[in-house]
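> model this:
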Amino acid sequence: MSFKKHSNSSFNAMGGEFNVIVVSEDFAILALAEDFIARLEKLWSRFDSRSEISLLNAAEGKPVAISKETHDLIALMRSGFRSTQGAYDPTVLPRVIAAGYDRSLTNPELKTVLPESAQWPGDVEGIELHGAIACLPLGTTLDSGGIGKGFAADLLVSKMMELGAHGALVSASGDVVAAGESPQGGGWTIGIENPFDLSQHIEIVTLKKGAIATSSTLKRTFENNKHHLISTNTKDTFNNEIATVSVLAGNGALAEVLTKVAFSLELDEAMTQIESLGGSALVVMKSGAIVRSPQWELSVVS
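I've put the predicted structure just below:
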């Protein structure tokens, strides 16, 4: 098999590792990746008091000037909240901090500080977006979290394709977004890791265009068996029989949002809702059992 000309890069950002592959004769396209993601991190990180998300969280109801990227991210948050009927909630940050995730995992010196007014649930429908100005209702705070990571990968893949790449893939700590041709030609082959043996894959899928996001209750754990995934039903970390959820969707932001549905609802209901919103899912139970939604098998290679 002959490989098409390609280059790749890896760097740390947004609390994890980004891996980028671009299929192109112009290696300069890859050079923008780290700077591009670093810029988004400076806009969205809750651990950076100067970021637009942090400034919004600290504004206590006052308007804040924001970039187009932040405007679009908040619009996606609001859309995800509405479409999942609150299973995905971008305002759970006070509960995430209460669970123990107040410091950056890559730089523990960085700590999220919220105003005393911060509370959950926040008022998602009360968020105001007016072009380059946003305003959060008093007490409402946002966390870019997984949707920010997925959206960042979406934007970077789109940017590289706009610059003339034949294909591009971004892997961002559990989220993979791809478009165009892989180095082998055709779609991109993606392995979904076994959460109980990270050296093994549970499944291999082919991704022609779109994204796959995986969320896990086994990673980013804190004291008293708490983790970073918060149930909007119990106000605490999820404590059910699901270990990991992987969702295939048209883009990384949507795939991230839909992973929360599987944790929040009874499994049959969750699978129906995920597919009605444009995704398909593979769920690994803590028992080791695997449950797939009907449309998932259409993407499986082996």
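> for the spatially most central residue of the chain, what are its contacts?
Closest to where the C-alpha atoms of the chain average out (Cα atoms, centre = their mean) is G146, at 2.8 Å. When contacts are counted by Cβ atoms under 8 Å, 6 or more residues apart in numbering, G146 is found next to G174, D175, A213, S215, E256, T259. For every residue, glycine as well, the C-beta is placed using N, CA and C.
> Between those residues, which sits nearest F81?
Nearest to F81 among those: E256, at 12.8 Å, using Cβ to Cβ.
> What is the distance between the helix or strand that contains that closest one and the centre of its chain?
In the assignment (DSSP states H and E), E256 maps to helix 252-264. The chain centre lies 8 Å from the centre of helix 252-264; the measure is Cα atoms, centre = their mean, to the nearest Å.
> mind exporting the helix or strand just after that helix as PDB, just the C-alpha atoms?
Note on helix 252-264: by DSSP H and E, the next helix or strand toward the C-terminus is helix 267-276. Only the C-alpha atoms of helix 267-276 are listed here, as PDB (Å, rounded to 0.1, in the frame of the first residue of the first chain):
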ATOM      1  CA  LEU A 267     -30.000   3.000  27.700                       C
ATOM      2  CA  ASP A 268     -32.800   2.200  25.200                       C
ATOM      3  CA  GLU A 269     -34.200   5.700  25.500                       C
ATOM      4  CA  ALA A 270     -30.700   7.200  25.200                       C
ATOM      5  CA  MET A 271     -29.800   5.200  22.000                       C
ATOM      6  CA  THR A 272     -33.100   6.400  20.400                       C
ATOM      7  CA  GLN A 273     -32.500  10.000  21.300                       C
ATOM      8  CA  ILE A 274     -28.800   9.900  20.200                       C
ATOM      9  CA  GLU A 275     -29.800   8.500  16.800                       C
ATOM     10  CA  SER A 276     -32.700  11.000  16.400                       C
END
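> quick one: buried residues of helix 267-276?
Within helix 267-276, the residues scored as buried using 16 or more other Cβ atoms under 10 Å are L267, A270, M271, Q273, I274, E275.
> can you list the residues you listed in JSON lines and add pLDDT and distance to G185?
Listed next are the buried residues of helix 267-276 as JSON lines, based on pLDDT from 0 to 100; distance: Cβ to Cβ, whole Å:
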{"residue": "L267", "pLDDT": "91", "distance to G185": "37"}
{"residue": "A270", "pLDDT": "93", "distance to G185": "35"}
{"residue": "M271", "pLDDT": "95", "distance to G185": "33"}
{"residue": "Q273", "pLDDT": "96", "distance to G185": "35"}
{"residue": "I274", "pLDDT": "96", "distance to G185": "30"}
{"residue": "E275", "pLDDT": "96", "distance to G185": "30"}
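> ok, so of those, who is nearest Y101?
Of all the buried residues of helix 267-276, Y101 sits closest to A270, with 23.9 Å by Cβ to Cβ.
> State the distance from that closest one to L114.
Here the criterion is Cβ to Cβ, to the nearest Å. By it, A270 lies 30 Å from L114.
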